[in-house]
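Undergrad: Below: sequence and its predicted model.
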Amino acid sequence: MLESFFNAIRNLWAVDELRKRVLFTLGMLAVYRAGIHVPVPGIDREVLHTIWGDTGNLFSVLDLFSGGNLRRISIFALSIMPYITASIILQLMTSVYPVLKKIQEEGEVGRQLKLSVTGLDESGKEVEQKATLWAAVPSDLAAVSEDGTISFFAPGEVRVLAVVGGKIGRTTIRIKPARVAHVEIDKPTVPLVVGGTLKLNASAIGVNGDPRNEVQVNWSSANPSVATVDAAGLLTGVAPGQVALVAKAEEARVVITLDVVKSNVHSVAITPKAANARTGDVVRFAAQAKDGGGAEIKNAAVRWTVSGEGAVVESDGGFVAERPGSYIVTATIGDQSSSTSVVVAPRNAERALVEVFQCI
């Protein structure tokens, strides 16, 4: 067993990538243990010892989990709070001091910015030397060319370094997401009937062509007496006519028109009429609309709903339940609707338990 263990260690050390990771981990542990013995300035050790008192209390338990940081009030006991506090103070100061505000430039994803750097001698005069090196950290957010042109790839905060005459200059650039260039809408292919609903889908697209999924699309109707739309893009027909719908994201907007027609739906039928399923099964429902003469109305917009918690029904009539029970599925076309029931039984899946013992 010991021989297998040492062979595993030997094989691990032979792999360059694993060896580097092990050495990095050991190095971080060494730095952490050394930092424990560096106290925070201004701490009275005698008062601190009086507060802690004898071992065995709650503070001793907390100190055990911190590796001795709390008892010594070391610099590592502060965690990342100094960095967070400094960042907040710097952000507040940028609104007060124009110099700091100018230093903290802003960029935008998909755009470029030309940077310049000036070297100064001991007397404060400019030196006629160009930057010999440009760098941006982290490199997955931005990259700087040799002439100081920086390109932004992703939102975040990037640190830019420039070397002039052996001296390093630094600045921080905050990268904003690409602004919305236009809004794309999946226009419905069927007309909206009075009393019916349609779900509108829209996407905000940035100037770099990438979707801005985090940007909310705001909906509005130019003719609420014909059709209304809520914040989620659910359109409801009110009266026959034509309606103009506006979708806006940031400064971009798009307008589409839809026809709202009088409903000629006389009846709605769902197939299958009833269904039995197990949890996790997908049941496909279909709705058929007919007019007063009994003729089928094709391409009618259907709104599906399901009663109870633990089950969902998609816009295409696909039903799935994660909890056993009885559910009512309803299809609505215009002002007509029809319902059916689904009885869901638990899925009794048997799983074989296999225990594998491995000795090293």
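TA: Great, that's in hand.
Undergrad: Now for residue 272: which residues touch it?
TA: By C-beta atoms under 8 Å, 6 or more residues apart in numbering, the contact set of residue 272 is 283, 285, 340. All C-beta spots, glycine's among them, are computed from the backbone N, C-alpha and C.
Undergrad: The helix or strand where residue 320 lies packs against which elements?
TA: In the assignment (DSSP states H and E), residue 320 maps to strand 318-321. Judged by 3 or more C-beta pairs under 8 Å, 6 or more residues apart in numbering; DSSP states H and E, strand 318-321 is in contact with strand 274-278, strand 282-284, strand 311-313, strand 325-333, strand 336-345.
Undergrad: and residue 156, which of those strands is closest to it?
TA: strand 311-313 (35.8 Å; C-beta to C-beta).
Undergrad: Mind giving me the packing neighbours of the closest one?
TA: Strand 311-313 packs on strand 303-306, strand 318-321, strand 325-333, going by 3+ C-beta pairs under 8 Å, 6+ apart.
Undergrad: can you count the residues close to residue 146?
TA: Residue 146 has 10 neighbours, counted by other C-beta atoms under 10 Å.
Undergrad: okay, now the closest residue to residue 184 other than its chain neighbours: neighbour count?
TA: For residue 184, ignoring the flanking residues on the chain, the nearest one in space by C-beta to C-beta, 6 or more residues apart in numbering is residue 203 at 4.9 Å. Look at residue 203: counted by other C-beta under 10 Å, it has 17 neighbours.
Undergrad: what comes up buried for the helix or strand harbouring residue 150?
TA: Assigned by DSSP H and E, residue 150 falls within strand 149-152. For strand 149-152, a neighbour-count test (16 or more other C-beta atoms under 10 Å) marks 150, 152 as buried.
Undergrad: contacts for that strand?
TA: By C-beta under 8 Å, 6+ apart, strand 149-152 touches 107-115, 134, 136, 141-145, 158, 160, 173, 175.
Undergrad: So which of these are in strands?
TA: Secondary structure defined by DSSP state E assigns 107-108, 112-114, 134, 136, 142-144, 158, 160, 173, 175 of these to strands.
Undergrad: so how far is the first residue of stretch 90-107 from its last?
TA: This stretch, stretch 90-107, spans 18 Å end to end (C-alpha to C-alpha, to the nearest Å).
Undergrad: The strand holding residue 320 pairs with which strands, and in what direction?
TA: With DSSP bridges as the test, strand 318-321 is paired with strand 282-284 (antiparallel), strand 311-313 (antiparallel).
Undergrad: Point out the most buried one among the ones you listed.
TA: Across those, averaging neighbours per residue (mean count of other C-beta atoms under 10 Å) puts strand 311-313 on top, at a mean of 19.
Undergrad: And the average pLDDT for that one is what?
TA: The average pLDDT within strand 311-313 is 92.
Undergrad: Stretch 341-360 too?
TA: What stretch 341-360 shows for mean pLDDT is 61.
Undergrad: swap in stretch 264-281?
TA: Rounded mean pLDDT across stretch 264-281 is 88.
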